[in-house]
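> Let me see the structure of the following:
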Amino acid sequence: MLISLEFLSSLPLFETEKPYEVFMHEIPNGLPKTNCEYTKHDDILVNDVRSIEKAFTLEECGFCFLLADRFPAPTTEDFESNSGTDVVLRYLRDTVSFVLEHVHAERALCFDWRVR
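Next up is the predicted model:
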């Protein structure tokens, strides 16, 4: 399947400043929410890897697939309602714990958890 994706643009600014995006409700005055710009790339080939997940290792590829079926995933309604906040936060904590346990890391950070 061919798709379009947006990738972080290569800006001269990044030679002196790291790319960032602030995910806070209130941003301090004068601080831009982001210094990132994205460039759309078309015709990117995407393959279904569901039958070969084990071929991708953290050591060789920099990522791996993990099946976290020991705790339930939040529903769309949990993400959309205020009453689901505790469910979502518990899921994020469980996910971080699961990753720490699996990759034997000292620290893990869940930095993007938006529903798509």
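> low-scoring stretches of this protein, by residue?
83-84, 114-116 (pLDDT under 70).
> Quick one: the helices in it, in order.
Here the chain has its helices, by DSSP state H, at 58-61, 76-80, 85-103.
> any chance of these in a markdown table, with distance to Asp42 and mean neighbour count too?
Glycine gets a C-beta too; all of them are placed from N, C-alpha and C. As requested, the helices of the chain are exported to a markdown table (distance: least, CB to CB, whole Å; neighbours: other CB atoms under 10 Å):
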| stretch | distance to Asp42 | mean neighbour count |
| --- | --- | --- |
| helix 58-61 | 24 | 9 |
| helix 76-80 | 29 | 13 |
| helix 85-103 | 32 | 14 |
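> Any idea which of those helices gets closest to Arg70?
Checking the helices of the chain against Arg70 by CB to CB gives helix 85-103 as the closest, at 7.5 Å.
> State the number of residues packed around His33.
Actually, residue 33 is Lys rather than His. For Lys33, the count of nearby residues is 11 (other CB atoms under 10 Å).
> now it: how far from His25?
The gap separating Lys33 from His25 is 11 Å, by CB to CB, to the nearest Å.
> Could you list which residues are in contact with the closest residue to Asn47 other than its chain neighbours?
The spatial neighbour of Asn47 that comes closest, neighbours along the chain excluded (CB to CB, 6 or more residues apart in numbering), is Met1 at 7.8 Å. With contact set as CB atoms under 8 Å, 6 or more residues apart in numbering, Met1 has these partners: Leu45, Val46, Asn47.
> dump the residue contacts of Ile27.
So Ile27 contacts Lys33 (CB under 8 Å, 6+ apart).
> and it, how far is that from Tyr38?
For Ile27, the distance to Tyr38 - CB to CB - is 19 Å.
> Do a quick rundown of the strands in this structure.
Here the chain has its strands, by DSSP state E, at 2-8, 38-45.
> export these to CSV and tack on distance to Asp112 and mean neighbour count?
Converted to CSV, these look like this (distance: least, CB to CB, whole Å; neighbours: other CB under 10 Å):
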stretch, distance to Asp112, mean neighbour count
strand 2-8, 13, 10
strand 38-45, 14, 9
